Structure formats: structure tokens, C-alpha cells
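>>> Build me a structure from this.
(4 chains)
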2 protein chains.
Amino acid sequence: MNNVGIRKVAELAGVSTATVSRALAGKPSVSASTRARVEEAAKELGYVVSATASGLASGRTRSVGVMMPFLNRWFFTSVMSGAHRVLNDAGYDLTIYHCEPNRLDDTQGVHNPRRERLFQESLLRHRVDALLLVTLSLTTTERDRLHALGKPVVAIDRPQPDIPTFAVDNLAVAKTAVTHLLELGHRDIAYAGGVLPYDLDFQVPVLRRAGYDTALAEAGLPVRSTRVAEGDFTSQGGYSAAMKLLADPHHRPTAIFAASDEMAYGVLMAARELDLRVPEDLSVIGVDGHPMGDLLGLTTIDQHPAEQGAIGARALLVELEPDEQHPPAATRLPFELITRRSTAAPRTA
Amino acid sequence: MNNVGIRKVAELAGVSTATVSRALAGKPSVSASTRARVEEAAKELGYVVSATASGLASGRTRSVGVMMPFLNRWFFTSVMSGAHRVLNDAGYDLTIYHCEPNRLDDTQGVHNPRRERLFQESLLRHRVDALLLVTLSLTTTERDRLHALGKPVVAIDRPQPDIPTFAVDNLAVAKTAVTHLLELGHRDIAYAGGVLPYDLDFQVPVLRRAGYDTALAEAGLPVRSTRVAEGDFTSQGGYSAAMKLLADPHHRPTAIFAASDEMAYGVLMAARELDLRVPEDLSVIGVDGHPMGDLLGLTTIDQHPAEQGAIGARALLVELEPDEQHPPAATRLPFELITRRSTAAPRTA
DNA sequence: GCTACCTTTGTAAACGCTTGCAGTCTAGCC
DNA sequence: GGCTAGACTGCAAGCGTTTACAAAGGTAGC
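Now for the predicted structure:
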């Protein structure tokens, strides 16, 4: 394949392979002149360290695994994208592990062969130095296996016991959204909550729901069950939730807080279908920062998913490269209210 | 880390490491009883072959690289997702390479350090056994470097010289879309074409445009420049293209063929903003099979992106494992007209 | 001028598998 | 019964780096 090995470089540079290795790895104990000579030789021969050989000898692969429940949904891939940028710039490759969701309608200990193989085989191959979990719920067994790997692990968006997690303060996010609506004068605000069909512990939706409840309570407003509906985290889910919330033409909420932007799109569809104008008849606010929100004029809480991935990645780098100087890690993730056309004061206010 | 090596398994099973290796690799020259004993020993010890060691010794990493210009756009990640399923089931991991687009507004030979590093370093590390290129335009130099790797390479969606490519027949896709509109009775059909801001050779949009032209020509209709507009492949792009196409209130097309579903969403927005009802005042058809199309009632040509990824992956597997029995590879990719609410006969028909 | 120490480099032993080659054993054949 | 082919298995040499340790060459202090 690549017939240029470290030996040829060593020969050309007139040093030993050990020195080549040290020079190319940026080790300090190499004189400037030697390092220069080695680098030039390497460039001339087009030499690049073999990942497998280096990995075997050093025990480090310079590769990080990203585990996610969905490989083609915007939020998850945005996180991945942000992580990729950071890790790649630090010289790491990304390997993706698809951790298939355990569906709610399955029994807890359901036998999912792919997922099982992931934890019992793939991860044990030690192809990666560290793992980034994106919005994942793990069983105790799975968490144990992860810890047994003895590698840095960081979770994004969904806290896991014993795993450092980076997530926005979902309660605060929800409160911000609802408060925005309250400040516009809304008093009858509904919540289109997200249910992950695969989620075993509901963190995100529960917290957002709690934020909704809290904000209403603080405003002295009641939380009514007819003002809460659920759907999965897609526009379809948002649509069906909205259809429920808006079912009674004589008693409709004046605003809907949707647990994600894609759900909010569904709410917009529903409103349109019911001939409700947004924001005149109904205000809508979402969460995420999905790119189509701009065009649709959707007010949202942007939680900067790519930035979340980047932050998680930096946290891993801190552990992977303790010598390096790292900027202090942000622990509380930023979010931001973006006001667009879909929210306004209620007509009857 | 993982202190169970092949030697312990060999001891426990009472055989040599060579036999363990062969048994676990599924080589034929191992007796059934020995194989069983080895497998049991491995399971008991929780032994899994080390990826690096195996890779170094055998020269094969059991990992495939996926190169894409965008890491968080639906089409690309759907392809990746389909490929992942197939490859993972075959025992391969996926490593992602972000090949940053060379933007159109750059000079051709633009110096993009990340992209350069990808071709001059990352790929040379031989971390993967094969490569899947998703909608990528490469320079000659880059293609040469790829070939120099001596590894199986397959491209999806955008033909590259000397690289086996799997793509839908974009001309036929466009013709199907336009023909659908013609059959509904439309005679004034516009094209909201996609421009990839990064694309250097325009394959997809050009072919779709050609299909549009052909279908019109076959129907004896003229192609007018005022009926063609371009935007990037996003809903924003579709929106601005549609705003141009629909600018003259007295002379509007009765239908718009958008080069992607996301663009079609933008067209729908534009129509709505102009108080045009869909499909009464304007029919809209897209291409892709994006999941939100269902809710939006968008007629589209589904090109099954995940299936494209799967097909590309299978093609790689054929080359990676010549011994195995493989089903014959599909070469022409399937697509499918999905009729929904956004298209109907024109009112004036 | 001698010692002690630091910097830089080389030597060679891993790292944990895979695989060509050779050897053993069994069974079939004449 | 001797011979051969074939089926298994083991031996040991890599695979291409990294890195602990040793060695060499300076430098500075006294």
C-alpha cells in the first residue's frame, strides 16, 4: 500500500526511527535542527504515520467515537458536526456508533442485537480513545461497560450518572420561552411536549415541561391538562399535538410552546390548517435553532447544537491531552431567545 | 486497558494463538470442535480482537471512511445512515471525513487547509479500508491521491471520473417531475434550480435542468429564461428563487419544479407570502423524499437517500470481501413519484 | 581538569495480532 | 501394510510504530 515507512524517513534524515517518531510526534526532546531535517524528509517522501502501527505501539488511536441514536436527524448531526470540527482540528478522526434506541414499547431489557453488539464487541475493539454520547439513555449494564473501557466519556444533552454531561439548562430554556410569551401578554399558553419514542428516562421533555409549569406558576397561572399534549420530536408529532391542543374552537390557547423547532413547524401546519393566523390568532415558539426557522419566521430558543458538540469535544480533549494548555471548559451551555414573526401579543390582550 | 489478549484465550482453549485467530476470523481451516472451544473461551473471557493489532498484522482495518461536504444536512446524513447500516452489519465501522466544499467564489485552486490536510494526511494514515464519497466534487489532484491509496472507492450522487458512481438518473427524475405536471395540464412550468455554492461541476442541477428542458421540449413547449431561477439547495434558496419566478403578478407560472424538497419548502413559503394557494394557484413538486414533505403535502420524487448509501456500501463490500457471496449490485438507483396535495390541475386548464 | 547534569540520540523490546510454512495425524487407496 | 492426500494445528516471523533505558556529547560549576 503505502510503501514509505518510518525507516526510509530515518535513512533520508540520517537519524534513527526513534528520533523520527519523536520529531514527528512533536516531542520536546528533539533538537530544532534534527526536527527540521526529519520533517523535510517526511514531506519529501510523503510519509505519514500509520494509524494502526502507531495505535498498537502507543495504545492511542487518535480517534474518537460519537454515539448517537439517530444518524440523520438535524439536532444529532449538528452536535456531531460541531464535535468533528474541534476534534479534527486537534488531529482526531471521528468514528460513528449508531446506538439504536430502545423503544418505549419494548420491554426494558429488550434484546436489540445491534445495540448489544455495539457494547459487547465494537467498543471493546478499542478503535477509539474516547466517546461522546449524544442524547443517549443507557442501561446500567451499558454504563458499566462504558466505564470498564477506562476511557474518557462525555455526554451531551442527557445527563447520565457518573458521566460528565454538557447540556443546556432545559428548565431555564423552557422558562425563557414561556416567559417570553407571558411578557407579550399571553395568559393561555399550551405546551406541545416532546416524547422520544425511544427515551427511557425523559429528561429533556420532563425538564421543559417543568420549566413550563414553573413559569406559569410564577405568573400565578394554572397548569391545565388540556393545555398539554405530546407528540414525538418531529413535525408530525408537533402537528398532532397541536391538533389536540387546538381541537376546541371556542376555547383555544393563544400561544403554544413547542419542545422543539421541528415540532413547532408541525404546530404551524396545524394552525394553518385550522385557518388560524400566526401570530395574530396563535403565537408559536420552539426550541433548537433549526435553520428553517428563519424562513418560517419561527421564534425560538436557539441552543446551538453544533456548539454543544464542540464543547463536549473540548472536554474530551482536556482528558486526552492533559499536557496541553486548554481554555477552561464551559459547563453551562448557552442558549438564546431569537424573536421572529411567530410570536406577538395576543389579540384579546 | 483490556487485559485479555489472544494468548489467554489460547491457553483457556488449549490451542495456539494462531488457531484462536483463525477460529475467530471464521477461517475454514479450523475443526468444528476447536472452533467451538475457542469461541466459548473467548466469550468467557470477554475477549474481542484488538482493532489496532489486527489492523497492523493484517493490513485491514475493518473500517470504512465516508467523505461528505456537509455533516448535518439531511440528504447527506441519510446517505451516511444507509451506508452505516449495511457496513455495520458486515462488521465494519464508519469513520467520517468532512471534505469541506471548495466554494464557488473561491479561486479554483484555493488553499483550504482542512481539505488539504484531509487528502495529504488523514487519508494516508490508512485508517480505513475503503471510501464512500457522498456528493463530492474532487480536483484532479485529489482524485489522484485517492487512487494512489489503492483502496476501493465508490461515489454517490455525483459521478467522478474513474470512480464507480451510484446515482439516480437525474435527467429521468426531472423529466418524471415535469411530466407529472404536464399530465396534470400545466403548460407554464418554472424551474427553481439548485446551485450548490460549493459545486465545481454542477452535475445534479445541470441534469435536472436538462430533464426539465427535455420534458418541455417533448411537450412542444418553449423553455423561457424567465421561468428558470436558481438558489442554493436550501429552503432559503427555494424561497428566493420562487420570489423571482413569481415576481410578475400578471404572468405567473402555474407550477414550479424545485430541485430539492427543501427548496420546495421555500417555494411553498413564497407562495404563501404572495397569497397564492397551493395547489389551486400554484402546483409545487420537489425532489428527495424529505420526511417533512408528508406533513406539508408536498408532491415529490423520492430518491431514497438511505438506500443510495446502502447500495454504495454494498458495492464496497463486494470489493472488500471478494470471497463472500454477494447479491448482484443494483446500478441504476430507484426513484419514485409521490403524489401529494401540492400538485393538481391548473385552474385555467 | 573533574564531576554532575542536561540534552539529544540510538538500541531494542514491546504492542497484540495474522499468516506462510512446516509438521502431525487421519483416512483412503492400492 | 505402506503411501499419499488432505485436514488441522503450531511455530515464528513479521506488521510499523513507540518508548524505556542506555549512551554519548556538551556545559557549567568548582
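>>> same question for stretch A:151-168, mean pLDDT?
Confidence over stretch A:151-168, taken as the mean pLDDT, stands at 91.
>>> I meant to write stretch A:297-306 there.
97.
>>> what about dumping the CA coordinates of it to PDB?
Provided in PDB are the C-alpha atoms of stretch A:297-306 (Å, rounded to 0.1, in the frame of the first residue of the first chain):
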ATOM      1  CA  GLY A 297     -40.300  33.300  11.000                       C
ATOM      2  CA  LEU A 298     -40.300  31.000  14.000                       C
ATOM      3  CA  THR A 299     -39.400  32.500  17.300                       C
ATOM      4  CA  THR A 300     -37.200  30.000  19.100                       C
ATOM      5  CA  ILE A 301     -34.700  29.300  21.800                       C
ATOM      6  CA  ASP A 302     -31.500  28.600  20.000                       C
ATOM      7  CA  GLN A 303     -29.500  26.100  21.900                       C
ATOM      8  CA  HIS A 304     -26.600  26.000  19.400                       C
ATOM      9  CA  PRO A 305     -26.300  22.300  18.900                       C
ATOM     10  CA  ALA A 306     -23.000  22.500  17.000                       C
END
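>>> Would it count as contacting chain B?
Yes - contact between stretch A:297-306 and chain B, assessed by C-beta under 8 Å from any C-beta of the partner chain, occurs at residue A:306. Backbone N, C-alpha and C define where each C-beta goes, glycine included.
>>> so what's the backbone phi/psi at the closest residue in space to residue A:309 that isn't next to it in sequence?
What sits nearest to residue A:309 in space, not counting adjacent residues and going by C-beta to C-beta, 6 or more residues apart in numbering or on different chains, is residue A:82, at 3.1 Å. Residue A:82 adopts backbone torsions of phi -60, psi -40, taken as degrees, to the nearest 10.
>>> what's residue A:82 in contact with, if anything?
Counting by C-beta atoms under 8 Å, 6 or more residues apart in numbering or on different chains, residue A:82 makes contact with A:305-311, A:313.
>>> What about the residues you listed, which are in helices?
A:305-311, A:313 (DSSP state H).
>>> what sits up against the strand or helix carrying residue A:173?
Using DSSP states H and E, residue A:173 sits in helix A:170-184. Here helix A:170-184 makes contact (C-beta under 8 Å, 6+ apart) with A:189, A:203-204, A:207-212, A:214-216, A:219, A:255, A:257, A:283, A:285, A:287, A:299, A:301, A:303, A:335, A:337, A:339, A:343-346, A:349.
>>> do that again at 6 Å, thanks
A:189, A:204, A:207-208, A:210-212, A:214-215, A:219, A:255, A:257, A:285, A:301, A:335, A:337, A:345 (C-beta atoms under 6 Å, 6 or more residues apart in numbering or on different chains).
>>> Stretch A:30-39 too?
Contacts for stretch A:30-39 (C-beta under 6 Å, 6+ apart): A:13, A:20, A:22-23.
>>> Would you mind marking which of those residues are also close to DNA strand C?
Of the residues in these, proximity to DNA strand C by C-beta under 7 Å from any atom of the strand holds for residue A:22.
>>> Neighbour count for the contacts of stretch A:30-39 - can I get that in a markdown table?
Below are the contacts of stretch A:30-39 laid out as a markdown table (neighbours: other C-beta atoms under 10 Å in any protein chain shown):
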| residue | neighbour count |
| --- | --- |
| A:13 | 22 |
| A:20 | 29 |
| A:22 | 18 |
| A:23 | 24 |
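>>> Next step: the contacts of stretch A:30-39 restricted to helices.
A:13, A:20, A:22-23.
>>> List, one by one, the residues from the stretch 201-349 of chain A near DNA strand D.
Counting by C-beta under 7 Å from any atom of the strand, no residue of the stretch 201-349 of chain A is near DNA strand D.
>>> Show me which of the contacts of residue A:82 are buried.
For the contacts of residue A:82, burial is judged from neighbour counts taken by 16 or more other C-beta atoms under 10 Å in any protein chain shown, and it is met by A:305-311, A:313.
>>> Helix or strand: which one has the residue sitting nearest the centre point of chain A?
For chain A, the residue nearest the mean C-alpha position is residue A:79 (4.0 Å; C-alpha atoms, centre = their mean). Secondary structure assignment for residue A:79, by DSSP H and E: helix A:74-89.
>>> Quick check: what element follows that helix along the chain?
strand A:93-98.
>>> Each with direction, which strands does that next one pair with?
strand A:63-68 (parallel), strand B:93-98 (antiparallel) (DSSP bridges).
>>> which one of these has the most crowded surroundings?
Compared across those, strand A:63-68 shows the largest average neighbour count, a mean of 25 (mean count of other C-beta atoms under 10 Å in any protein chain shown).
>>> and that one with helix A:74-89, angle?
170 degrees (axes from the mean of the first three to the mean of the last three C-alpha atoms, to 10 degrees).
>>> Any residue of strand A:63-68 touching DNA strand D?
No - applying C-beta under 7 Å from any atom of the strand, one finds strand A:63-68 separated from DNA strand D by no less than 13.7 Å.
>>> Need the residues that contact that strand.
Counting by C-beta under 6 Å, 6+ apart, A:76, A:80, A:87, A:92-97, A:99, A:128, A:130-134, A:136 sit against strand A:63-68.
>>> Please work out the average pLDDT along it.
97.
>>> roughly how far is that strand from the heart of the chain?
12 Å (C-alpha atoms, centre = their mean, to the nearest Å).
>>> Over to stretch A:294-311?
11 Å.
>>> what distance separates the start and the end of that stretch?
25 Å (C-alpha to C-alpha, to the nearest Å).
>>> export the ones in helices among the contacts of stretch A:30-39 to JSON lines and tack on pLDDT?
Converted to JSON lines, the ones in helices among the contacts of stretch A:30-39 look like this (pLDDT from 0 to 100):
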{"residue": "A:13", "pLDDT": "93"}
{"residue": "A:20", "pLDDT": "96"}
{"residue": "A:22", "pLDDT": "95"}
{"residue": "A:23", "pLDDT": "95"}
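>>> And the furthest pair within these?
Using C-beta to C-beta, the pair of the ones in helices among the contacts of stretch A:30-39 lying farthest apart is A:13 and A:22, separated by 11.9 Å.
>>> Could you measure from whichever residue of the stretch 51-200 of chain A sits closest to DNA strand C over to residue B:53?
Closest residue of the stretch 51-200 of chain A to DNA strand C, C-beta to the nearest atom of the strand: residue A:57 (3.5 Å). Applying C-beta to C-beta, to the nearest Å, the value for residue A:57 to residue B:53 is 10 Å.
>>> Which one's more surrounded, these two?
Taking other C-beta atoms under 10 Å in any protein chain shown, residue A:57 and residue B:53 do not tie; residue B:53 has more neighbours (16 against 12).
>>> Could you see whether chain A lies near the host helix or strand of that one?
Take DSSP H and E as the rule and residue B:53 turns out to sit in helix B:51-58. Yes - applying C-beta under 6 Å from any C-beta of the partner chain, one finds helix B:51-58 touching chain A at B:51-53, B:55-56.
>>> can you list the residues you listed in CSV and add distance to residue A:143 and pLDDT?
Below are the residues of helix B:51-58 next to chain A laid out as CSV (distance: C-beta to C-beta, whole Å; pLDDT from 0 to 100):
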residue, distance to residue A:143, pLDDT
B:51, 22, 96
B:52, 25, 96
B:53, 27, 96
B:55, 28, 96
B:56, 31, 96
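>>> The residues you listed, buried ones only, as a PyMOL selection?
To isolate the buried members of the residues of helix B:51-58 next to chain A in PyMOL, using 16+ other C-beta under 10 Å:
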select buried, chain B and resi 51+52+53+55+56
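>>> same for DNA strand D: which of the residues of helix B:51-58 next to chain A are within range?
Applying C-beta under 7 Å from any atom of the strand to the residues of helix B:51-58 next to chain A, those adjacent to DNA strand D are residue B:56.
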